[in-house]
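Asker: sequence? don't have it. structure:
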Ligand SMILES: [Zn+2]
Ligand SMILES: [Zn+2]
């Protein structure tokens, strides 16, 4: 087997990794570059046979629906089969803006897979492993062919609701991997112990005792967190969101409600001015967005009883040109309520030690070399974008 990281050896997001044998060629993710600086123009991916007709490609697998992994789907040559999680597919279809008919057709035609159930593309066996990340329905892929075994982690962490399940699964692969392609987003971040996702839920409960009106700014697609927040709301108070968020919650409830109480019996109400008086009387948690409509709604409630919770990555708030500072000033106080969607350095260390793979290839990181210092006993390989690695 051969691995080529087309993009992502030295950057976060915009990733694309090729896995090939002599007869089969697959891509894992086709991501859009993240624009965190002003006037940033993301570069399209250009991979022969994938984005043009100069070669063949047997399929593109998507680890999850974040744009930095799926955003270049639009440049995948028509006719190449796409594979993604069933819930992720439905979420993408719900999220596409009107007019994106070509993309919509393409996504609607994508194949879906079942967690833990092996399937084949050419001579590569693929086992999708449901993982823990800030996008629900995220996967790692175990790729096997000719006696060789590669695990591609996609984006993952261990401190969310699914962390334990991921650890259990990884144990089975201990000592059996020829290569581990692992995300390293947190390699250049402080090595602090991450706050567990369930702690955020407890913190929200505590805030609700002190504030009658709690507004939460979070990513609508971080549906597991939003399910957890809805469950923190005591009887008698409302959990309010907009129609789009409500549809996402309905979707997870329909598709995953049978798997865990976290995803079922979600009591949510769609915001309407008609109910505003009742909201005002009883109190609530309201999921909000930084737009004119929500700015006006927030201003209509008693500021002294209001709190805004910031449940997003801090970089969005501090980047040049961000409008979030003025949004967070809408209430007299705001507080952060967030934890990373990515594995902390200590967890990367733990996973690599537990798996003891033949080689480790960090991707989705600005500081790949730090993995060598973090795991001195591991065989860390640091390729450049586009460099082929033979197993
Ligand atoms: Zn990512
Ligand atoms: Zn992600």
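Answerer: Yes, it's here. Note that this is a predicted model, so its numbers are computed, not measured. Ligands and ions are numbered 1, 2, ... in the order given.
Asker: the helix or strand bottoming out on mean pLDDT in the chain: what's the following helix or strand?
Answerer: Ranking every helix and strand in the chain by mean pLDDT, DSSP states H and E puts helix 314-318 at the bottom, with a mean of 91. Next helix or strand after helix 314-318 toward the C-terminus (DSSP states H and E): helix 324-328.
Asker: would you indicate which residues of that next one are buried?
Answerer: 324, 327, 328 (16 or more other C-beta atoms under 10 Å). All C-beta spots, glycine's among them, are computed from the backbone N, C-alpha and C.
Asker: contact residues of this structure facing ligand 1?
Answerer: 68, 155 (C-beta under 5 Å from the ion).
Asker: ranges for the helices of the chain?
Answerer: Using DSSP state H, the helices found in the chain span residues 67-70, 86-95, 101-108, 163-171, 197-210, 223-231, 243-256, 276-282, 292-299, 314-318, 324-328, 345-355, 370-374.
Asker: how far off centre is the shortest one?
Answerer: Looking back up the chat, that one is helix 67-70. Distance of helix 67-70 from the chain centroid (C-alpha atoms, centre = their mean, to the nearest Å) equals 9 Å.
Asker: likewise for the fourth one?
Answerer: The chain centroid and the centroid of helix 163-171 are separated by 18 Å under C-alpha atoms, centre = their mean.
Asker: other residues contacting that helix?
Answerer: When contacts are defined by C-beta atoms under 8 Å, 6 or more residues apart in numbering, helix 163-171 is touched by residues 129, 130, 131, 132, 140, 156, 157, 158, 196, 351, 354, 355.
Asker: I'd say residue 358 and residue 379 touch.
Answerer: Yes - using C-beta atoms under 8 Å, residue 358 is in contact with residue 379, at 6.6 Å.
Asker: enumerate the residues of the stretch 101-250 of the chain near ligand 2.
Answerer: Going by C-beta under 5 Å from the ion, the residues of the stretch 101-250 of the chain near ligand 2 are residue 155.
Asker: residues in contact with the residue in the stretch 101-250 of the chain that ligand 1 sits nearest to?
Answerer: Nearest residue of the stretch 101-250 of the chain to ligand 1: residue 155, at 4.4 Å (C-beta to the ion). The neighbourhood of residue 155, defined by C-beta under 8 Å, 6+ apart, consists of 63-64, 66, 69, 133-135, 138, 183, 185, 341-342, 364.
Asker: how about JSON lines for the helices of the chain, with distance to residue 336 added?
Answerer: Output for these, formatted as JSON lines (distance: least, C-beta to C-beta, whole Å):
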{"stretch": "helix 67-70", "distance to residue 336": "22"}
{"stretch": "helix 86-95", "distance to residue 336": "25"}
{"stretch": "helix 101-108", "distance to residue 336": "34"}
{"stretch": "helix 163-171", "distance to residue 336": "21"}
{"stretch": "helix 197-210", "distance to residue 336": "10"}
{"stretch": "helix 223-231", "distance to residue 336": "14"}
{"stretch": "helix 243-256", "distance to residue 336": "20"}
{"stretch": "helix 276-282", "distance to residue 336": "24"}
{"stretch": "helix 292-299", "distance to residue 336": "17"}
{"stretch": "helix 314-318", "distance to residue 336": "7"}
{"stretch": "helix 324-328", "distance to residue 336": "10"}
{"stretch": "helix 345-355", "distance to residue 336": "20"}
{"stretch": "helix 370-374", "distance to residue 336": "25"}
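Asker: could you chop this structure up by domain?
Answerer: Domain ranges of the chain: 2-190+342-390, 197-336, per automatic domain parsing.
Asker: quick one: low-confidence parts of the stretch 51-200 of the chain?
Answerer: Of all residues in the stretch 51-200 of the chain, none has pLDDT under 70.
Asker: geometric centre of the protein: which residue is closest?
Answerer: residue 135 (3.2 Å; C-alpha atoms, centre = their mean).
Asker: verify the stated contact: it with residue 341.
Answerer: Yes - in terms of C-beta under 8 Å, residue 135 counts as a neighbour of residue 341; the distance is 7.3 Å.
Asker: for residue 272, see how far away residue 149 is.
Answerer: 53 Å (C-beta to C-beta, to the nearest Å).
Asker: repeat for residue 103
Answerer: 31 Å.
Asker: which of these two has more neighbours?
Answerer: Neighbour count, other C-beta atoms under 10 Å: between residue 103 and residue 272, residue 103 has more, with 15 against 10.
Asker: ok, now which ones touch the more buried one?
Answerer: 73, 74, 96.
Asker: can you redo the residues you listed as CSV with distance to ligand 2 and neighbour count?
Answerer: Output for these, formatted as CSV (distance: C-beta to the ion, whole Å; neighbours: other C-beta atoms under 10 Å):
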residue, distance to ligand 2, neighbour count
73, 15, 22
74, 18, 14
96, 18, 13
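Asker: which single residue in the stretch 101-250 of the chain comes nearest to ligand 2?
Answerer: Closest residue of the stretch 101-250 of the chain to ligand 2, C-beta to the ion: residue 155 (3.6 Å).
Asker: repeat that for the stretch 1-150 of the chain.
Answerer: With C-beta to the ion, the shortest gap between the stretch 1-150 of the chain and ligand 2 falls at residue 66, namely 3.5 Å.
Asker: ok, that residue touching residue 136?
Answerer: No - using C-beta under 8 Å, residue 66 is not in contact with residue 136; the gap is 10.9 Å.
Asker: overlap in contacts, those two.
Answerer: By C-beta under 8 Å, 6+ apart, residue 66 and residue 136 have these common neighbours: residue 221.
Asker: who has more neighbours out of the two?
Answerer: Legend: neighbour count by other C-beta under 10 Å for residue 66 and residue 136, higher for residue 136 (29 against 24).
Asker: so who does that one touch?
Answerer: Listed by C-beta under 8 Å, 6+ apart, the contact partners of residue 136 are 87, 88, 91, 221, 222, 223, 224, 252, 256.
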